[in-house]
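>>> Sequence first, then the predicted structure:
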Amino acid sequence: MSSARSLSLLAPFAVCALIVGWAMLAAASLQAATLSVLVYAVANFIVYTDALDFVLRLYVWRRHTATASPGSASRDLSMDLPAILLGRRRRIVPRPSYAIIASVFNLGDGVEDFVRAFAPYRERMWLISDGSTDHTVTQLHQAGWRCFDDGVNRRKPGALRLLLEQLPAHIETVMVVDPDIRIRRRRAGSTADLERVIDDFQQSGAAAVCPRVMIEPDGFLARFQAFEYALSFRAGRASLADYGITSGVSIYRRDALQRALQAHSLSVYAEDLEIAVLLLAEGERIYYDGRLVVSTEGAGSLGRWFSQRVGWYHGLLKVCVQRLSEIWRIRRLAPFAMYHFVVYLGGLTLALHFVKIVSAALLVSSFLGGVHNIFVVNLFPKDTLTNPGYFAGAITSYIALGVVALFTVVPRSERAYVAPIVPLYLLYALTHIVPMTVGFGNFVALRLWGRRLYRDYYEPDTSADEAALTRRLVAGRAW
């Protein structure tokens, strides 16, 4: 088994060597005089910022878990939780019960898959139909599942707010899930059972805990998303100690979630980020627990992937504008909290987005310049902006970064699946610039003209409602 895994990793490394060799060969045929240091720095802006951010997050994560014993499961946490719980008195009485809650909408043929996936947790499940118009509710009721339905489409945050009001008063902890996720059991991806993770969470006193979300193997595009999610959770959220961000699947203290949803805009765009910002601004704590793993299917087609990312970045800008005062309060929690919420989200992701567009354009022109040099295709004249050296430097650096990330944040069991796309991950990062730009443009267009530039799948028929909500929440605020 180990030899087969080694062979599966050897092929991507060979591809890395070929790509780097091609880039160097293309760059070698141009005179050094055509290379501008300034243009090189701008072209590699994406590479430098991603590399520095990754190294910083890895360092901070190690600092947060420095006291954990080697090989301990605490390495999958954003902080040394066992050390924190050790100083707390354990209650002798049984722990409060918990519920798993979800908003469902027109599951269609997916009802059977949902029932099969959550069958072990059936007694814990509380569902609410978000205005389903098919036979989802009927099928769930016939199968004996609890599913509240009043025929109204409130969107997920509004539906969950109503569902929380229906739960028995003794339930103090809720796990919010999406119908398409799968809770991985111990030795099937997770290193701790759900009950153990919830018990630790209840003792911690935190407002929420975010498990690790992984992409189920399914095609070439899913490999990129699997690597992306590994970076996002095992480097991104793991570095945030107890001022982290929840995801679509998270465990909450019930009273904290109810309080956040009362102040929530009830928009589905970046709903989880908005909940996290509201909780953190109140002084609550949110941490990451990678011992619990949940899996979901990635966007199966390029069109769905594009639409999904447009919604993500639309939501990011929306929350940053509408919740600016709350984000400004969060910066006081810790120096790294200021880095993530102000420098990274507000600066590198939003304010400097135009620089990323220029960087991507320069790398594309540099790549085409390399094609011109090797295949002698007279597409355009040789000049400073088409020097292949910019792309050669970027691809070499990004491959090195990808290899380091592969062996530091990607779990051993997933490396063979992810490794083949490491040489191409720079192209995936550059492609991301397009839906990011459209997503930001959607928010601006909704505010100015009341309609989107591109209709994503989150709220395809509610542009007017979203525009009115945006205008109401940001009225009187400076950009």
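Thanks, I have it.
>>> if I pick the closest residue to Leu302 other than its chain neighbours, what's in contact with it?
Leaving out its chain neighbours, the residue that sits closest to Leu302 by CB to CB, 6 or more residues apart in numbering is Leu221, at 6.8 Å. Where you see a C-beta, it was placed from the backbone N, CA and C, and this is true even at glycine. By CB atoms under 8 Å, 6 or more residues apart in numbering, Leu221 lies in contact with Gly298, Ala299, Gly300, Ser301, Leu302, Trp305.
>>> how close does Leu221 get to Lys156?
25 Å (CB to CB, to the nearest Å).
>>> what's the answer for Leu162, then?
Using CB to CB, we find Leu162 at a distance of 11 Å from Lys156.
>>> Looking at those two now, which is surrounded by more residues?
Remark: of Leu162 and Lys156, Lys156 carries more neighbours, 22 against 17, as counted by other CB atoms under 10 Å.
>>> Which element, helix or strand, includes the nearest residue to Ala192 once chain neighbours are set aside?
Counting by CB to CB, 6+ apart, Ala192 lies nearest to Arg291, which is 3.8 Å off, once chain neighbours are set aside. For Arg291, the host element (DSSP states H and E) is strand 286-296.
>>> pLDDT on that strand, on average?
Confidence over strand 286-296 (mean pLDDT, whole number) is 95.
>>> Just after that strand, pick out the following helix or strand.
Toward the C-terminal end, the helix or strand that comes next after strand 286-296 (DSSP H and E) is helix 302-322.
>>> Which strands or helices does the helix or strand that that next one is followed by pack on?
Sequence-wise, the next helix or strand downstream of helix 302-322 (DSSP H and E) is helix 324-330. When contacts are defined as 3 or more CB pairs under 8 Å, 6 or more residues apart in numbering; DSSP states H and E, helix 324-330 packs onto helix 271-281.
>>> hmm, who's touching the helix it packs on?
Contacts for helix 271-281 (CB under 8 Å, 6+ apart): 156-157, 207-208, 243-248, 250, 256-257, 259-261, 263-265, 267, 286, 315-316, 319, 322-323, 325-327, 329-330, 333, 337, 341.
>>> got the angle for the strand holding Arg291 vs helix 271-281?
Taking axes from the mean of the first three to the mean of the last three CA atoms, to 10 degrees, strand 286-296 and helix 271-281 form an angle of 160 degrees between their directions.
>>> Who are the packing partners of strand 286-296?
strand 182-183, helix 194-204, strand 208-215, helix 271-281.
>>> Please state the offset of the last one from the chain centre?
What it means is helix 271-281. 14 Å (CA atoms, centre = their mean, to the nearest Å).
>>> Which positions in it come out as buried?
By neighbour count on 16 or more other CB atoms under 10 Å, the buried set for helix 271-281 is Glu271, Asp272, Leu273, Glu274, Ile275, Ala276, Val277, Leu278, Leu279, Leu280, Ala281.
>>> How about the second one?
Within helix 194-204, the residues that count as buried by 16+ other CB under 10 Å are Leu194, Arg196, Val197, Ile198, Asp199, Asp200, Phe201, Gln202, Gln203, Ser204.
>>> For that helix, give the mean pLDDT please.
The average pLDDT for helix 194-204 rounds to 93.
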